[in-house]
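Trainee: structural data only, the sequence is not supplied:
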Ligand code: SF4
Ligand code: SF4
Ligand code: SF4
Ligand code: FES
């Protein structure tokens, strides 16, 4: 992810049962979507450990989105109840680390909401484009003495 | 087994509060047992020595070096390197050397801001010309004076030199010192091998795993309100988290002997994370978020409601990374324009 500075690194976690299916639907419906994001599928949004997101920012992510089933619809019943608490707290933490809050986003997308997936991904990618590279990209090297 | 019957030990501090030197004194009467197998050859706090004494010692002539304190300036870094050269075994002793510790919290700021506060803004400072410390200054007669360079961020010892072992905690407790003592004695007497390089001399479990207040495996904790130890009189036997009081036990390495819990104080995490997680703060964040109870009207709650609810947790960065910010994944606060 550390490669070049002009290309943005945008990461989207989608849960297998809703958001991933929604993204798939957006794709097969040929909805217009930017290409500047990479998707990682997890079984449930609750599998996305906040450490993964911190790790992504450390390694040069400019924006991270987590997308899961709507509350009440999680395949594992309450996975996303846990997700929403963790991500809300993570949002506070990332803000304290100095990151613009727009760089991190939580969304609920059902399997039927291809349209919504396309819309949030467009919005998100545009916002990150406006913000440009994350300040953590410039902080890779441990520099001392001088 | 070392090549001599009696080994030598050096103690050197970096950005340290010197509590770690005092922790060595906390070997108490066992200090004499240590002195039976080891001579302390260098320790600015305990002995009358000069920095040059250390510089002049031959390379690898000291058996064990204990470096405590973080690396905050060029002097700390220089002596970390000298200790590495002079000592066969270099140990990061205490939370500051291990993870950056309390001085590492300065990574929420940077050199420019710290200088501005300290040399300009503090109430007792009168500095109309805005003079800041210089690393070099020569007077009219040509005498040159130097000061160490203050770095923009704080580092742990292993960010600047190769470290053999880590002894965590702020400061290492008596229980932990006894473990080191037994290890050193056993090694000198040829009964014990030193652990593999990179070992953190403590446990691999979390503090909760060895805590007498642990409510028991499988028992789900659920809280609706988070309290801080400053606001309440805690029950002396019940798990702190169960009482809604922030306790870093789930995200902290065991091995300290839980002195804080015994004194009815929640854990603040000075042992750092276990090796199974990448980031102590991330690990505590998950643990805490998971015990915030699911409400009966969960489906009616918006993400804003949830955010308001979790914002009971004041200063997550300061509380979750109190001792480990320079060794966290993100290391320091940045500015995002
Ligand atoms: S670990 Fe604690 S006692 Fe040791 S130097 Fe750091 S602040 Fe002081
Ligand atoms: S949360 Fe604290 S009090 Fe509760 S079991 Fe863990 S260490 Fe003990
Ligand atoms: S209980 Fe927590 S804060 Fe106290 S010594 Fe152990 S790790 Fe450190
Ligand atoms: S399966 Fe989609 S959020 Fe749990």
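Mentor: Received, thanks. Worth saying up front: this structure is predicted, and the values here are computed from it rather than measured. Ligands and ions are numbered 1, 2, ... in the order given.

Trainee: most centrally placed residue in chain A?
Mentor: Residue closest to the average C-alpha location in chain A (C-alpha atoms, centre = their mean): residue A:65, at 1.5 Å.

Trainee: what about that one, helix or strand, and which?
Mentor: Taking DSSP states H and E as the criterion, residue A:65 maps to strand A:63-68.

Trainee: what about residue 85, neighbour count?
Mentor: As the question left the chain open, I've gone with chain A. Burial measure for residue A:85: 23 neighbouring residues, criterion other C-beta atoms under 10 Å in any protein chain shown. To be clear about C-beta, it is placed using only N, CA and C from the backbone, and glycine gets the same treatment.

Trainee: my bad, chain B
Mentor: Neighbour number of residue B:85 under other C-beta under 10 Å is 17.

Trainee: show the contacting residues for it.
Mentor: Residue B:85 sits next to B:59, B:60 when contact means C-beta atoms under 8 Å, 6 or more residues apart in numbering or on different chains.

Trainee: re the thing from before, what's the following helix or strand after the strand holding residue A:65?
Mentor: Next in sequence after strand A:63-68, counting helices and strands by DSSP H and E, comes helix A:79-96.

Trainee: how distant is that following helix from the center of its chain?
Mentor: Centre-to-centre, helix A:79-96 and its host chain are 12 Å apart (C-alpha atoms, centre = their mean, to the nearest Å).

Trainee: average pLDDT for that helix?
Mentor: In this model, helix A:79-96 has a mean pLDDT of 97.

Trainee: tell me which helix or strand comes right after that helix.
Mentor: strand A:104-108.

Trainee: for whichever helix or strand comes after that next one, packing partners?
Mentor: Beyond strand A:104-108 on the C-terminal side, the first helix or strand identified by DSSP H and E is helix A:114-131. Applying 3 or more C-beta pairs under 8 Å, 6 or more residues apart in numbering or on different chains; DSSP states H and E, one finds that helix A:114-131 makes contact with strand A:10-15, helix A:19-28, strand A:37-42, strand A:63-68, strand A:104-108.

Trainee: helix A:114-131: which residues count as buried?
Mentor: Across helix A:114-131, burial judged by 16 or more other C-beta atoms under 10 Å in any protein chain shown covers A:114, A:116, A:117, A:118, A:119, A:120, A:121, A:124, A:125, A:128, A:131.

Trainee: over to stretch B:137-156?
Mentor: Using 16+ other C-beta under 10 Å as the burial criterion, the residues of stretch B:137-156 that qualify are B:149, B:150, B:151, B:153, B:154, B:155, B:156.

Trainee: which one of those is nearest to residue B:207?
Mentor: residue B:156 (20.6 Å; C-beta to C-beta).

Trainee: so, low pLDDT: which residues of chain A?
Mentor: Along chain A, segments meeting pLDDT under 70 span A:1-6, A:139-146.

Trainee: any chance of JSON lines for the helices and strands packed on helix A:114-131, columns distance to residue B:228?
Mentor: Formatted as JSON lines, the helices and strands packed on helix A:114-131 follow (distance: least, C-beta to C-beta, whole Å):
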{"stretch": "strand A:10-15", "distance to residue B:228": "32"}
{"stretch": "helix A:19-28", "distance to residue B:228": "36"}
{"stretch": "strand A:37-42", "distance to residue B:228": "34"}
{"stretch": "strand A:63-68", "distance to residue B:228": "29"}
{"stretch": "strand A:104-108", "distance to residue B:228": "26"}
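
Trainee: for those, which one sits closest to chain B?
Mentor: strand A:104-108 (6.4 Å; C-beta to the nearest C-beta).

Trainee: contact residues of chain B facing ligand 3?
Mentor: Within chain B, the positions near ligand 3 by C-beta under 6 Å from any ligand atom are B:169, B:173, B:207, B:252, B:256, B:258-261, B:267-271.

Trainee: which one among these gets closest to residue A:104?
Mentor: Nearest to residue A:104 among the residues of chain B next to ligand 3: residue B:269, at 24.0 Å, using C-beta to C-beta.
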